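In: sequence plus predicted model, see below.
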Amino acid sequence: MSFKSTVQKKLNSGSSINADELYLKIKPYKYVSFDIFDTLVKRNVENPTDVFRLMERIVGKGFADKRIRAEREARKGLVNSGRKEVTMEDIYSYFPASERKKLKDLELNTEFQLLIPNRPVIDVYNRCLKEGKTVFITSDMYWPQETTERLLEKIGVVSYKRLYLSSSRQAVKSDGSLFTLLVNTEHINSRELIHIGDSKAGDYAEPQKLGVKAIQIPRYTKNIKYRGDENYSSLRMNYLNTFINNVVPCTNDPYYKFGFAQFGKVLWGYAHWIHDVAKEKGITKLFFLARDGYIMKKAYDICVEDHSIETKYLEVSRRSLRGPILWMDYSFETILNMVVNAKLVSIESIFDGLGMDIDRYQEQLDQYGFHRDTIFDRRTIFLDEKLKQLLTDLTTDIIENSKKEYSLLTEYLKQEGVLGKFGIVDIGYAGSMQRYLTQTLNKLEIQHQITGFYLGVADFYKKNEVDGLDLDLNGYLFDFKHNPHAVDCRSSFVGLFETLFLEQGGSVKRYKSENGRVVAERYPYEYFKDGKPTEDYLKIKEIQHGAIDFVSIAARDSLLSKFKYKPSELFAGIYETGTDPNSYDLKLFADMEFYDEGITQRLAAPKGMTHYILHKNELKNDFLQCRWKTGFMKRLLKVNLPYQKMYLALQRLR
């Protein structure tokens, strides 16, 4: 954007329009006039000339400049013609006759795709009608009258008394002649008329010269503020950011807004990517895995209307899939590889992974000097001989419990039709769920070919490619399987990232028979306390509410899906929040609780610098357990530093 354009945008910008406040200003007047463009309707691009840039995608490079020059020349031609406004016929007379109709139709079709109701002003318009006011539409525009009337009908602007359009009336707002025509034609007292529009000259200064009251509304309104919303570097980002700002519902809830502006576009892009890859691979069945897959399936089913691909929600978890196959291989290393994911591992999470109640084994714990709060470091846990001996002593119970769970799991998989060629959709990151499914189906001798669709495939995926397994893993945001130089863009804020996807229900523990079917047995939902939802539950629900609302609106937009957005472009806002949090981000998310592998931690809640100076060992422990490390550092140090770079440097030192 040029310096001049930037200044003009600043001058014409303002805060969101409050419909109630606007109507109070209009209420005393009998007659009300509304401008159309940037008043009753908004374009989902930053500037009107972006319409021509969009047309270039169809008619070829250079069209936008030609179209701008043609209008400029047509307006020069008005000087000696005695006319006040150009028409589309005038503008396109500068193009070859054989192309005119096609280009005019394309411009109008493109405009119709871009234009959406400016909801607060439309609300005021409807209220004026309800209160019995006489309403006029008054606009400077080169469009034909009939086309403009069709646009107004499309956005729900009906029941106005008359349309005063400069191209058909040959009078304009910019010199007051269109307002003079309105007042004289309708035989009304100008002081009983109020006009609402965005132009300082045509909509505000000129009507007031005639005694018409005027209200200037901002041409550019910031309806929502979010990270990355100033990126207009390309036409597609221009469209995306303007679209989000224009269509976001009126709400003051910051979590809803975050979901709408940030999380929703990631779900939208991910859903389309899943479908594209599934079609390419000839997959006709997709299983979305609990719990993260719940909102993914919701988004996919809204975005994709393709009945050739069946979608199902499969209630599985790492816990429900890994326990049942332990009887095949219950070595110390296998058990730990299945259970150990976090940097710090609680003994309670190990027992939970085995499907065994730790409270029943207090005697064995005492024998080896353990207690239920014992924590192990992932780097040294495989060398812990006492833990190894404890698990060896429990071999009989491990096998017995595993076989019981295995029987019910196999029934559930058969019941849900988990066989043949299919895809599984999950958050990621190493394909462990895919491995467990593969091993179980192999043991059952059920033919299968599984493709994994993940938000990311991490660099440690090879730990699941055991016994000759070559897993078909595919990552949306990053994919180390297909690109060893990929970047794990969420590793410093994995807890914050995963919180966005949580289903509002407990994790799947195991399976049970109920009324002739096998159903999932769930853990209690972490975000319910004493039977009531926590504040975090309500926040997550609002984030997801906003995200799904965005997906629903985006799915109906005919232009958005034509742009090919890179995953990094759609993820940029969440990435900025995660890696470079500001004080507002920390206020929203830092104190949210995150539950994983039996450990509960707030996302980024350091105890304070003074405490850590006195208790140095606690700093390391708290930092390792924290699931939003850049947020932890920013909240602890309270100054702007390159925290993502610091995190990456610490990773290299480990």
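Out: The structure has been received and is ready for your questions.
In: mind listing the helices for the stretch 351-500 of the chain?
Out: Ranges of helices within the stretch 351-500 of the chain are 362-367, 385-393, 395-415, 432-443, 494-499, based on DSSP state H, counting those that start in this stretch.
In: tabulate those helices (a markdown table), appending distance to Tyr643, mean pLDDT and mean neighbour count.
Out: (Glycine included, C-beta is placed from N, CA and C.) Formatted as a markdown table, the helices of the stretch 351-500 of the chain follow (distance: least, CB to CB, whole Å; pLDDT from 0 to 100; neighbours: other CB atoms under 10 Å):
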| stretch | distance to Tyr643 | mean pLDDT | mean neighbour count |
| --- | --- | --- | --- |
| helix 362-367 | 39 | 92 | 12 |
| helix 385-393 | 35 | 93 | 15 |
| helix 395-415 | 42 | 92 | 17 |
| helix 432-443 | 29 | 89 | 20 |
| helix 494-499 | 13 | 95 | 23 |
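In: of all those, which one is nearest Asp329?
Out: For those, proximity to Asp329 was assessed by CB to CB; helix 432-443 is nearest, at 9.1 Å.
In: so Ala214 touches Asp198, yeah?
Out: No - counting by CB atoms under 8 Å, Ala214 stays clear of Asp198, with 11.1 Å between them.
In: where does Arg43 fall, phi/psi-wise?
Out: Main-chain torsions, Arg43, degrees, to the nearest 10: phi -100, psi 140.
In: wait, what's in contact with it?
Out: Listed by CB atoms under 8 Å, 6 or more residues apart in numbering, the contact set of Arg43 reads Phe37, Asp50, Val51, Glu111, Leu114, Leu115, Thr242.
In: same question for Arg236.
Out: Contact analysis of Arg236 by CB under 8 Å, 6+ apart lists Phe563, Lys564, Tyr565, Glu569.
In: now name the helix or strand holding it.
Out: Secondary structure assigned from DSSP states H and E places Arg236 in helix 235-247.
In: that helix: which residues count as buried?
Out: Residues 235-247 are the ones in helix 235-247 that count as buried (16 or more other CB atoms under 10 Å).
In: for stretch 483-496, measure first residue to last.
Out: Terminal residues of stretch 483-496 are spaced 25 Å apart (CA to CA, to the nearest Å).
In: let me fix that, I meant to ask about stretch 320-332.
Out: This stretch, stretch 320-332, spans 19 Å end to end (CA to CA).
In: verify the stated contact: Gly259 with Val551.
Out: No - Gly259 lies out of contact with Val551 (CB under 8 Å); the separation is 10.0 Å.
In: and the pLDDT for the spatially most central residue of the chain?
Out: Note on the chain: the residue nearest the mean C-alpha position is Gly264, at 1.9 Å, using CA atoms, centre = their mean. If you check Gly264, the pLDDT there is 98.
In: please, which helix or strand holds it?
Out: Using DSSP H and E, Gly264 sits in helix 264-280.
In: if we can go back for a sec, which neighbouring elements make contact with whichever helix or strand comes after the helix holding Arg236?
Out: Going down the chain from helix 235-247, the next helix or strand is helix 254-258, by DSSP H and E. Applying 3 or more CB pairs under 8 Å, 6 or more residues apart in numbering; DSSP states H and E, one finds that helix 254-258 contacts helix 535-555, helix 583-589.
In: neighbouring strands for whichever helix or strand comes after the shortest one, and are they parallel or not?
Out: Put plainly, it is helix 583-589. Next in sequence after helix 583-589, counting helices and strands by DSSP H and E, comes strand 593-596. As defined by DSSP bridges, the strand partners of strand 593-596 come to strand 599-602 (antiparallel).
In: show residues contacting the partner strand.
Out: For strand 599-602, contacts defined as CB under 8 Å, 6+ apart pick out 342, 344, 346, 349, 495, 526, 590-594, 625-627.
In: now stretch 520-539
Out: Stretch 520-539 is contacted from outside by 255, 290, 315-316, 320, 412, 502, 504-512, 540-541, 588, 592-593, 595, 600, using CB under 8 Å, 6+ apart.
In: not counting its neighbours along the chain, what's nearest Val248?
Out: Ile224 (4.6 Å; CB to CB, 6 or more residues apart in numbering).
In: what residues are up against the one you found?
Out: Here Ile224 is in contact with Ile244, Asn245, Val248, Lys257, Phe260, Ala261 (criterion: CB under 8 Å, 6+ apart).
In: secondary structure class for the last one?
Out: With DSSP: H, G, I helix; E, B strand; the rest coil as the basis, the three-state label of Ala261 is helix.
In: hang on, isn't Leu390 packed against Asp366?
Out: No - the pair Leu390 / Asp366 is not scored as a contact, 10.7 Å apart, by CB under 8 Å.
In: domain parsing for the protein?
Out: Using automatic domain parsing, the domains assigned to the chain come out as 12-239, 256-319+415-522, 326-402, 566-653.
In: what's the closest of these to Leu408?
Out: Distance to Leu408, taken as CB to CB, is lowest for domain 256-319+415-522 among these, at 3.9 Å.
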